[in-house]
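Participant: Curious how this folds, go ahead:
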Amino acid sequence: MVLPAVADPFAASPLLARFAGMDRAALEAHQLRRVQSLCARLHATSSFYRERMEAGGLKDGTVDSLDRFTRAMPTSDKKAFLADQQAHPPFGARLGVDRDAVVHISMTSGTSGQGQELYGRTQRDVHMLGYLHALPWFMAGLRKGDTALNCVPAGGMTTGGWGPGEAIRILGATPFHVGGNLSTDAKIELMLKLGTVHFIYASTNYLHTLTEALLARGIVPREAFPGMHGLFIAAEGYPVEWAEKIEQHWGCRLQEGYGSTQLNGFGASTAAAGVHRDGARGLMRLFEWEHLIEILDPETLAPVAPGEVGEMVVTNLSVEGSPVVRFRTGDAARLIPWTEAGGGAWNAIECGTIGRFDDMMKIRGNNVWPSMIDAAVFAHGEVGEYAGRIYTSGDGKTEIEVRFAVAEHQAGLCADDRSRLVRSVRDAIKQRTNVWMDVREVPRSEFAEFAYKARRWKDERQQGYRL
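Facilitator: Next comes the predicted model:
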């Protein structure tokens, strides 16, 4: 199937054209000026960062090169931020602006179990929040007059709850914020009533759920919504085979972005090429004029080699309230340097493989990421959902169980086909993880519907050792 071409966003945006036209030396000079301004300001206003600068040898917050900055400035992490908040409530000494300049509070979701970071944002930061959501969506084809369906829960106190509304308003599109408010069936009814939908923003998992639900009704998305020209996902990994099928179902390119509360929005995105090309994963270009993003070995904190996976460490270059400076995100990404990214001076990260280092599971001596199993399972178009657990058997052995359900629109599979599917999923998991797992099919009703990020794995091994 030939997909319609995506308009070149760089030709349509003077800002993008400006930064896309910079060579690497000019881009790094821009970054250095921003870092120098940031450090000078925070040295004067934030005891949290002043102590770190002085400890690293950046006296008076003076920075003479990016290399000097990344070697001398200590990293910080969630634990340090939470301790700072407790010592200097509510925002910590890292706030960096007068308290009366705070007009908005962003909070992390707390899914790590460690606690929630608080970020005090200024009026300019709120504008930047919208810009850093609008930027990747403009690159993905969202334009004035388009109807945009936001399937991510809106409102609340997370950055992701407020950014989409600001972004769609900035771009002049018409938003429908349906995430968290409507069931999947109700969303479909609304889409059919609207008739023309041009753009959808959803988590990877929820786009899968929405597509499965449409197909189960006998609705072919590309036929029901022929005006669709943008599907944008974030937050979770996926196999290339899944992305290809999604594009076939919807008849348009799939795009992806990487964002976080610490980035005050998105920090990387695909453009016209989308998330894959010729069976290989695509690239998300880093917005390096707004953020300094390092990919480091999580053990040594040394830069990883091109093509290797490391931890993303981020520094805001334009955030005023609660900026992050060399913050360890815990997110794992594969680095593609600008010299290998195919045009332009922006470094990139690989699509579809972002993960969390704290999600990695050590199984029978192997490092196994949930995204590896996601890729193995969802490479099978017949699969609708799955879940897994690791547990300790009565004789002290580590066991792994994977349960999957056939997609509703594949309910007509015969018994032989279902048996072959079980074997194929099991073999694919072994190939990607080097671990044999017990795989079985169960009814679709055994799985809850995830409205945003999916949590498919449970590690119950400690329970097996209780006396």
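Participant: For the stretch 1-150 of the chain, just list every one of the strands.
Facilitator: For the stretch 1-150 of the chain, strands defined by DSSP state E, counting those that start in this stretch occupy the ranges 104-107, 118-121, 147-150.
Participant: Give the pairing partners of the first one; include direction for each.
Facilitator: If you go by DSSP bridges, strand 104-107 pairs up with strand 118-121 (antiparallel).
Participant: show me where pLDDT drops low in the stretch 251-400 of the chain?
Facilitator: Flagging of the stretch 251-400 of the chain using pLDDT under 70 yields the residue ranges 395-396.
Participant: which parts of the longest helix seen in the chain are buried?
Facilitator: When every helix of the chain is counted residue by residue (DSSP state H), the longest turns out to be helix 24-45. By neighbour count, and taking 16 or more other C-beta atoms under 10 Å as the criterion, the buried residues in helix 24-45 are 27-28, 31-32, 34-36, 38-39, 41-43, 45. Yep, even glycine has a C-beta here, placed from its N, CA and C like the rest.
Participant: Report the mean confidence score over that helix.
Facilitator: Throughout helix 24-45, pLDDT has a mean value of 97.
Participant: Could you number the chain from 231 rather than 1 from now on?
Facilitator: In the new count, where the first residue is 231, that last one comes out as helix 254-275.
Participant: Need the contact partners of it.
Facilitator: By C-beta atoms under 8 Å, 6 or more residues apart in numbering, the list of residues contacting helix 254-275 from outside reads 249, 252, 279-280, 283, 288, 290-293, 295-296, 299, 303, 326-327, 518-519, 522, 545-548, 553, 555, 568, 575-576.
Participant: Out of the strands of the stretch 231-380 of the chain, the one nearest His459 is which?
Facilitator: strand 377-380 (11.0 Å; C-beta to C-beta).
Participant: tell me what that closest one is packed against?
Facilitator: Counting contacts by 3 or more C-beta pairs under 8 Å, 6 or more residues apart in numbering; DSSP states H and E, strand 377-380 is packed against helix 389-401, strand 404-407, helix 414-424, strand 429-433.
Participant: Let me know which of these is tucked in deepest.
Facilitator: The densest packing among the helices and strands packed on strand 377-380, expressed as mean neighbour count by mean count of other C-beta atoms under 10 Å, is seen in strand 429-433 with a mean of 26.
Participant: angle of it against helix 414-424?
Facilitator: Calculated by axes from the mean of the first three to the mean of the last three C-alpha atoms, to 10 degrees, strand 429-433 forms an angle of 170 degrees with helix 414-424.
Participant: Show me the contact partners of strand 429-433.
Facilitator: For strand 429-433, contacts defined as C-beta under 8 Å, 6+ apart pick out 367, 370-372, 376-382, 394, 403, 409, 437, 440, 458-466, 680, 682-684.
Participant: pretty sure Gly560 contacts Ile584?
Facilitator: No: taking C-beta atoms under 8 Å as the contact criterion, Gly560 and Ile584 are not neighbours in contact, 11.1 Å apart.
Participant: Any chance of JSON lines for the buried residues of helix 254-275, columns distance to Asp689?
Facilitator: Conversion of those to JSON lines gives the following (distance: C-beta to C-beta, whole Å):
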{"residue": "Leu257", "distance to Asp689": "42"}
{"residue": "Glu258", "distance to Asp689": "42"}
{"residue": "Gln261", "distance to Asp689": "40"}
{"residue": "Leu262", "distance to Asp689": "43"}
{"residue": "Arg264", "distance to Asp689": "41"}
{"residue": "Val265", "distance to Asp689": "40"}
{"residue": "Gln266", "distance to Asp689": "45"}
{"residue": "Leu268", "distance to Asp689": "39"}
{"residue": "Cys269", "distance to Asp689": "41"}
{"residue": "Arg271", "distance to Asp689": "43"}
{"residue": "Leu272", "distance to Asp689": "39"}
{"residue": "His273", "distance to Asp689": "43"}
{"residue": "Thr275", "distance to Asp689": "42"}
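Participant: can you give me the helices in the stretch 381-530 of the chain?
Facilitator: Counting by DSSP state H, counting those that start in this stretch, one finds helices in the stretch 381-530 of the chain at the ranges 389-401, 414-424, 434-446, 451-454, 470-480.
Participant: Redo the ones you listed as TSV? Include mean pLDDT and distance to Gln353.
Facilitator: Converted to TSV, the helices of the stretch 381-530 of the chain look like this (pLDDT from 0 to 100; distance: least, C-beta to C-beta, whole Å):
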stretch	mean pLDDT	distance to Gln353
helix 389-401	90	12
helix 414-424	94	33
helix 434-446	90	32
helix 451-454	96	40
helix 470-480	92	38
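Participant: right, and the ones you listed - which one's nearest Leu531?
Facilitator: For Leu531, the closest of the helices of the stretch 381-530 of the chain is helix 389-401, at 25.7 Å, according to C-beta to C-beta.
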